[in-house]
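Student: Give me the fold of what follows.
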Amino acid sequence: MFVLGKLLKGRTQASSISSAQSGAQGMSLDGLLGRMNSGATVRKADIRATGMAGELAAYTGLDRRTAEASLQEVLNALGGQVAKAPARTPRKPKESGLDGLLDEWPK
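Tutor: As a prediction, the model looks like this:
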């Protein structure tokens, strides 16, 4: 829940806020998501730069090293699922258009 909450919260923040935070912290959550979406491996340095490892360690009582390793495992598993997901193609609309629509309308 921690990881999903952080990732979803990161997606809902304004980009100007994320940009300002990424300059202060290193990698932003958007940068981390981009790395996951590209299929690249998330490194411990990336996790450390977002501040998530320290926050998870404080929240759970884990040591920072274990928090980094746990986050890395989860994020790479999620990233692998995203990278393997088939591309969705939009459905082609019916070619009938609006012709005969009123003829089929219930009376």
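
Student: What residues of whichever helix or strand Gly31 is part of count as buried?
Tutor: Gly31 is part of helix 29-37 when elements are defined by DSSP states H and E. Using 16 or more other CB atoms under 10 Å as the test for burial, helix 29-37 gives Leu29, Asp30, Gly31, Leu32, Leu33, Arg35, Met36. Using the backbone N, CA and C atoms, a C-beta is placed for each residue, glycine as well.

Student: which among the residues you listed gets closest to Ala53?
Tutor: Leu32 (11.8 Å; CB to CB).

Student: What's the per-residue pLDDT of the closest one here?
Tutor: pLDDT, Leu32: 85.

Student: what's the answer for Asp63, then?
Tutor: 94.

Student: burial of it, as a residue count?
Tutor: 11 (other CB atoms under 10 Å).

Student: Same check on the one 5 residues further on?
Tutor: Summarising burial for Glu68: neighbours were counted as other CB under 10 Å, giving 22.

Student: Just the element for it, please.
Tutor: Here Glu68 is assigned to helix 64-84, by DSSP H and E.
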